[in-house]
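S.K.: Generate coordinates for the sequence data below:
(2 chains)
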Amino acid sequence: MTPSIRPSVVARLNPVAKLAVALIVSCALLLSIDWVSAGVALLLEAGLLVWCGLSARQFWLRTAPVWIAAPMASITTILYGEDSGAMLWQFGFISVTEGSAQLGLAIGLRVLAIGLPGIVLLATTDPTDLADGLAQVLRLPARFVLGGLAGLRLVGMFIDDWHSLGLARRARGVGDGGGLRGAARRFFGPAFSLLVISVRRGSKLATAMEARGFGSDEPRTWARPSRVRVADAVLVAIGFAIAGVAIGVAVWAETWSFILA
Amino acid sequence: MQIEARGWGWRHAGRHKQAVSGLDLQIEPGERVLLLGASGAGKSTLVHALAGVLGDTEDGDETGSLLIDGRRAAEARGRVGLVLQDPDSQVVLARVGDDVAFGCENLAVGRTEIWPRVRRALVEVGLNLPLDHPTGSLSGGQKQRLALAGVLAMQPGLLLLDEPTANLDPGGVIEVRDAVVRSLDHSGATFVVIEHRVEVWQDAVDRVIVLDPAGGVLADGPTREILASQGERLAQAGVWVPALPPRFPVRHPIGNPHTLLRAEGLAVGRVPFGRRAASVVADGITLSVDAGTATVVTGPNGAGKSTLALTLAGLLKPAGGTLHASDSFAAGIPNEPHRWRSRQLLTRIGTVFQDPEHQFLAATVRGDLAIGPRALGQSAAEQTSRVDELMHRLRLDHLADANPFTLSGGEKRRMSVATVLATRPRLLVLDEPTFGQDSRTWQELVILLAELLDEGTALVAVTHDAEFVSALADKEYRLGTPITLGVAQP
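M.R.: So this is what the prediction gives:
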């Protein structure tokens, strides 16, 4: 499940700094629902995404869910969102007004502005480096961080197991037929087997980790140092700048509407 | 490190039976011990206890004392190294170097000392890979050597191995054994290994301890002596004793074996997750599968043996070439097995998977065995009589109401074969049927398969097991060196 990560400026940054940037921009954009702040943030991010080190193919593949989710969220809001302003179009329950159209645009841009940097930063982060950062920089408990990291490795095996379970059901005569009920059985049957097999695997892995001294209350050392460098500070500063400019422009354009106000 | 057990016993929480009881033994520093015993004699429990991973009072009840260098075994965790059976569930981290460093980190070894230790350990086990090599792309033997390196880097005074080579091909077995011997010569650590294939370790150890399933020690002494005096008894308990190999069954070949399946220029592969086209692992395969004939598929790891078996079994679509079922075999349905419906496979091809757990469907042994006959629309009476017959033939009667997932390794294997035989398929495809099995299960399985062959059933078996090949194979199809795929993306 570990992604292959190409060396790039972004890949060398401390994952904790990347996480911080994603959080800063998200929080700023969640404070208001207007299209200007989200649009400005997206524009500024677009300039940075060029350096993310992903190939075009990787970029579009990884971010595809966001490109699908954004217009969906947008259209749903335009059609069913709270109406205000002039009526533009109406059909039965469905009504499109200036207000709902603006809201839809704002939501769509927001999904992109929050989703894209999140996915790109994650795609350029090695899970092991992230765990090192979480434990050493943020001082999260090692048991929790490393347990999660080791568990992540099992996900790839689940996919293989799921595939084998499907083949085995075909071999045993229950792989097709039975209509809708058969289809439901074919999903839930192997899901239970997968659960049993996964729990078994997980406990074996836990034993192997314990046998190597993991999980005691003694302090442990870290073979790979996770340091915060100047470049990481710059990245966080850029994050604040994007958030600040986005909010500033929106306030200046008088579109800013603080959600808690 | 010195081991001392005084009246030691352990009962797992929720079980009635003691896993180990009344154990008295002493192992001196630097001794190399092979631990034997019938399945259920408590070998694994003892080794887990020595490694300090058996848990505390919540996990079971301890009696007597088990001391390592005079201290409770549970307190010695970290100074004792343990390598387990399953290569896949011992890899902790994604990169080779990080995985080896993991144990050192937990022991709070300083960063400047960790990396030299990691490099030394990798050299010692003969794993000459870059530190950032992905662990997901290693073979089984390499993964076991990686686990060993992770343990050696911790510089343990006691090295414990629990069937470290049971899941490996013959090449992998030798790799791991030699790496262990090399490191012991170097470190002088005390050594205890569990392994029912005695041949692998007999020259590497100087003492054999046989545990008694009824409690305590059955025999204890120099390797040669114990194997001579206890050999018969051990072989009966399922231990592979070199002097007493299992007997091969006498075959009665059927005359004029007709062809069931014919592969011509067949290419096999799987469709990777999220892709459309199969990636080919082996191609140019031409062979025929005949009634009453055992065809074994051999070859190194990664050569595509399992993929070929699953393709011949009609479970995977051929990636190229043709796989053609004879008209008499297809009996009125299309000639391509992968187009057959699931139910149509039942009486034609039965598949025994490498991991028996993958093919269990019901909550009881009886219920699971009835699934095939029921899918064929047999009456309740027919189902019951077939299931009873199979349970008797494969010694599963006493387990009729047990959950298949709770069976022992040998029972699971017998059970997985029984589920397939329930519908009397004309072709049986088995993927590594003897992997990790004790000699008793092995013998039973081989006799059963020989009987099926004599009755005219066709057999295709993927195997690494040279004895299995000698015992049954009529034809051997050897898959060559694997097609280079580059580094696998896990």
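
S.K.: Touching, residue B:49 and residue B:5? I think so.
M.R.: No: under the criterion of Cβ atoms under 8 Å, residue B:49 is not in contact with residue B:5, lying 9.0 Å apart. C-beta coordinates here come from the backbone N, C-alpha and C atoms, glycine included.

S.K.: Surely residue B:268 forms part of a helix?
M.R.: No: counting by DSSP: H, G, I helix; E, B strand; the rest coil, residue B:268 is not found in a helix; it is strand.

S.K.: so which helix or strand takes in the closest residue to residue B:192 other than its chain neighbours?
M.R.: Excluding the flanking residues, the one nearest residue B:192 by Cβ to Cβ, 6 or more residues apart in numbering or on different chains is residue B:33, at 4.8 Å. Assessed by DSSP states H and E, residue B:33 sits inside strand B:32-36.

S.K.: same check, this time on residue A:198
M.R.: Using DSSP H and E, the element containing residue A:198 is helix A:179-211.

S.K.: so does that helix get close to chain B?
M.R.: Yes: contact of helix A:179-211 with chain B (Cβ under 8 Å from any Cβ of the partner chain) involves A:189, A:193, A:196, A:197, A:201, A:204, A:205, A:207, A:208, A:209, A:210, A:211.

S.K.: Pull out the buried residues from the strand or helix carrying residue A:45.
M.R.: For residue A:45, the host element (DSSP H and E) is helix A:35-49. Across helix A:35-49, burial judged by 16 or more other Cβ atoms under 10 Å in any protein chain shown covers A:35, A:36, A:37, A:38, A:39, A:40, A:41, A:42, A:44, A:45, A:48, A:49.

S.K.: Closest to residue B:254 out of those residues?
M.R.: Set against residue B:254, the nearest of the buried residues of helix A:35-49 by Cβ to Cβ is residue A:49 (68.6 Å).

S.K.: Which elements pack onto the helix holding residue A:198?
M.R.: helix A:142-171, strand B:80-83 (3 or more Cβ pairs under 8 Å, 6 or more residues apart in numbering or on different chains; DSSP states H and E).

S.K.: ok, and for the shortest one, which residues are buried?
M.R.: Looking back up the chat, that one is strand B:80-83. By 16+ other Cβ under 10 Å, the buried positions in strand B:80-83 come out as B:80, B:81, B:82, B:83.

S.K.: Could you do the first one as well?
M.R.: Buried residues in helix A:142-171, counted by 16+ other Cβ under 10 Å: A:142, A:145-147, A:149-150, A:153-154, A:157, A:161, A:163-165, A:167-171.

S.K.: and chain B, which of those reach it?
M.R.: Within the buried residues of helix A:142-171, those near chain B by Cβ under 8 Å from any Cβ are A:146, A:149-150, A:153, A:157, A:161, A:163-165, A:167-171.

S.K.: can I get those residues in a markdown table with distance to residue B:60?
M.R.: Below are those laid out as a markdown table (distance: Cβ to Cβ, whole Å):
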| residue | distance to residue B:60 |
| --- | --- |
| A:146 | 26 |
| A:149 | 29 |
| A:150 | 25 |
| A:153 | 29 |
| A:157 | 28 |
| A:161 | 29 |
| A:163 | 36 |
| A:164 | 33 |
| A:165 | 32 |
| A:167 | 38 |
| A:168 | 34 |
| A:169 | 36 |
| A:170 | 41 |
| A:171 | 38 |
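
S.K.: before we move on, back to that, of all the helices and strands packed on helix A:179-211, which one is nearest residue B:54?
M.R.: Residue B:54 sits nearest to strand B:80-83 of all those, at 11.1 Å, using Cβ to Cβ.

S.K.: Quick check: closest non-adjacent residue to the spatially most central residue of chain B.
M.R.: Centrality entry for chain B: nearest residue to the mean C-alpha point is residue B:436, 3.4 Å, by Cα atoms, centre = their mean. Leaving aside its sequence neighbours, residue B:436 sits nearest to residue B:166 (Cβ to Cβ, 6+ apart; 4.1 Å).

S.K.: Likewise for residue B:3?
M.R.: Leaving out its chain neighbours, the residue that sits closest to residue B:3 by Cβ to Cβ, 6+ apart is residue B:27, at 4.1 Å.

S.K.: ok so, going back, what are the buried residues along the helix holding residue A:198?
M.R.: A:186, A:190, A:193-194, A:197-198, A:201, A:204-211.

S.K.: That one versus helix A:142-171: what angle between them?
M.R.: Here the directions of helix A:179-211 and helix A:142-171 differ by 140 degrees (axes from the mean of the first three to the mean of the last three Cα atoms, to 10 degrees).

S.K.: just how off-centre is helix A:179-211 within its chain?
M.R.: 25 Å (Cα atoms, centre = their mean, to the nearest Å).

S.K.: Which secondary structure elements does the helix or strand following that helix sit against?
M.R.: Going down the chain from helix A:179-211, the next helix or strand is helix A:230-252, by DSSP H and E. Other elements packing on helix A:230-252 under the criterion 3+ Cβ pairs under 8 Å, 6+ apart are helix A:15-30, helix A:35-49.

S.K.: quick revisit: overlap in contacts, residue B:49 and residue B:5.
M.R.: Common neighbours of residue B:49 and residue B:5, counting by Cβ atoms under 8 Å, 6 or more residues apart in numbering or on different chains, are residue B:66.

S.K.: Tell me the residues on the stretch 51-200 of chain B that lie near chain A, please.
M.R.: With Cβ under 8 Å from any Cβ as the criterion, the stretch 51-200 of chain B meets chain A at residues B:51-53, B:77-78, B:80-82, B:84, B:86, B:88-95, B:97-98, B:101-111, B:114-115, B:118, B:134, B:136, B:147, B:150-151, B:154.

S.K.: quick one, which of the helices and strands packed on helix A:230-252 is nearest to chain B?
M.R.: helix A:15-30 (14.1 Å; Cβ to the nearest Cβ).

S.K.: Return the set of buried residues in that closest one.
M.R.: In helix A:15-30, counting by 16+ other Cβ under 10 Å, buried: A:15-22, A:24-26, A:28-29.

S.K.: what residues go with each domain of chain A?
M.R.: According to automatic domain parsing, chain A comprises the domains A:9-131+A:228-252, A:141-211.

S.K.: Next, format those domains as TSV and append mean pLDDT.
M.R.: Formatted as TSV, the domains of chain A follow (pLDDT from 0 to 100):
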stretch	mean pLDDT
domain A:9-131+A:228-252	87
domain A:141-211	86
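
S.K.: Is it possible to get TSV of these that adds distance to residue B:411?
M.R.: What follows is these, written out as TSV (distance: least, Cβ to Cβ, whole Å):
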stretch	distance to residue B:411
domain A:9-131+A:228-252	38
domain A:141-211	16
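
S.K.: nearest to residue B:42, of these?
M.R.: Residue B:42 sits nearest to domain A:141-211 of all the domains of chain A, at 16.6 Å, using Cβ to Cβ.

S.K.: chain center to that closest one, what's the gap?
M.R.: On Cα atoms, centre = their mean, the centre of domain A:141-211 falls 23 Å from the chain's centre.

S.K.: what about that domain, start to end distance?
M.R.: This stretch, domain A:141-211, spans 19 Å end to end (Cα to Cα, to the nearest Å).

S.K.: Closest one of the buried residues of helix A:179-211 to residue B:343?
M.R.: Distance to residue B:343, by Cβ to Cβ, is smallest for residue A:186 among the buried residues of helix A:179-211, at 13.4 Å.

S.K.: what sits against the nearest residue to the closest one once chain neighbours are set aside?
M.R.: Leaving out its chain neighbours, the residue that sits closest to residue A:186 by Cβ to Cβ, 6+ apart is residue A:169, at 6.4 Å. The contact partners of residue A:169, taken as Cβ under 8 Å, 6+ apart, are A:175, A:186, A:189, A:190, B:342, B:361.

S.K.: So, low pLDDT: which residues of the stretch 351-490 of chain B?
M.R.: B:481-490 (pLDDT under 70).
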